[in-house]
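K.L.:
Pasting a predicted model and its sequence here:
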Amino acid sequence: MRACSLASFSDGSRIAIESKFTEWMTAKRLKVDDFRDKYLGAQRNLWADVGLPECQSIAADIVAGRRQFRRLDALQLLKHALGLAVSSGRPFALIYLYFDVDGGSDVAERHRAEITEFARRLDEALGFKAMTYQQLFSSLASVGGVDSGYLDYLQARYSPRD
């Protein structure tokens with residue numbers, strides 16, 4: 001499952017949610033050539049021009065090979081950030097939603113480390129937040145008014161089995 005959903009609110013703010021349920025478990029083959037040509041070619045400063053200079057820096061580092069994200073699709077997230085900034089101005093936020101795995105998996109640890117690194121380097125104005133499906137389900141349960149049958153279904157379907 002891979003999707004980016006956009007929610008707009010009456011105050012003009014927007015939230016984009018990039019859902020990577022389990023895709024992060026497979027290492028990415030970086031496609032920097034197309035990205036470089038389209039987003040960084042001809043001295044373009046697309047992110048910097050819309051007030052996201054740190055995103056510009058991360059994009060340049062990835063394309064130059066100074067930083068690799070093998071589990072987190074950082075290039076896709078950067079494209080979404082640019083699209084949000086260009087189409088809506090501010091305020092906006094980009095949420096990265098994924099299904100986490102327990103048990104100290106090296107792959108899961110690497111994914112979490114990449115999320116932390118990416119988030120640390122981003123422009124604060126982007127409003128980036130990573131959230132697991134487990135956190136989302138827990139939040140739904142605490143909201144009240146959510147159908148208990150649906151919450152039971154989520155628990156049964158997505159909770160680890162003993």
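P.N.:
Good, I have the coordinates.
K.L.:
centroid residue for this structure?
P.N.:
By CA atoms, centre = their mean, the chain has its centre lying nearest to Tyr96, at 3.0 Å.
K.L.:
That one against Tyr133, yeah?
P.N.:
No: at 11.4 Å, Tyr96 and Tyr133 do not qualify as touching, with contact defined as CB atoms under 8 Å. Any C-beta I mention is one placed from the backbone N, CA and C, and that applies to glycine too.
K.L.:
Show the end-to-end separation of stretch 34-49, please.
P.N.:
20 Å (CA to CA, to the nearest Å).
K.L.:
so how far is that stretch from its chain's centroid?
P.N.:
20 Å (CA atoms, centre = their mean, to the nearest Å).
K.L.:
With stretch 78-95 instead?
P.N.:
Distance of stretch 78-95 from the chain centroid (CA atoms, centre = their mean) equals 12 Å.
K.L.:
Just the residues contacting that stretch, thanks.
P.N.:
4, 8, 12-18, 39, 46-47, 50-52, 55, 58-59, 77, 122, 125-131 (CB atoms under 8 Å, 6 or more residues apart in numbering).
K.L.:
please redo it, this time with the cut-off set to 7 Å
P.N.:
Residues outside stretch 78-95 that contact it (CB atoms under 7 Å, 6 or more residues apart in numbering): 4, 13-18, 46-47, 50-52, 55, 58-59, 77, 125-129, 131.
K.L.:
Got a PyMOL select line for the buried ones in those residues?
P.N.:
Only the buried entries of those go into this PyMOL selection, using 16 or more other CB atoms under 10 Å:
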select buried, resi 4+14+15+16+17+18+46+47+50+52+55+58+59+77+125+126+127+128
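K.L.:
Which ones among the contacts of stretch 78-95 map onto strands?
P.N.:
Among those, the members found in strands (DSSP state E) are 4, 14-18, 129, 131.
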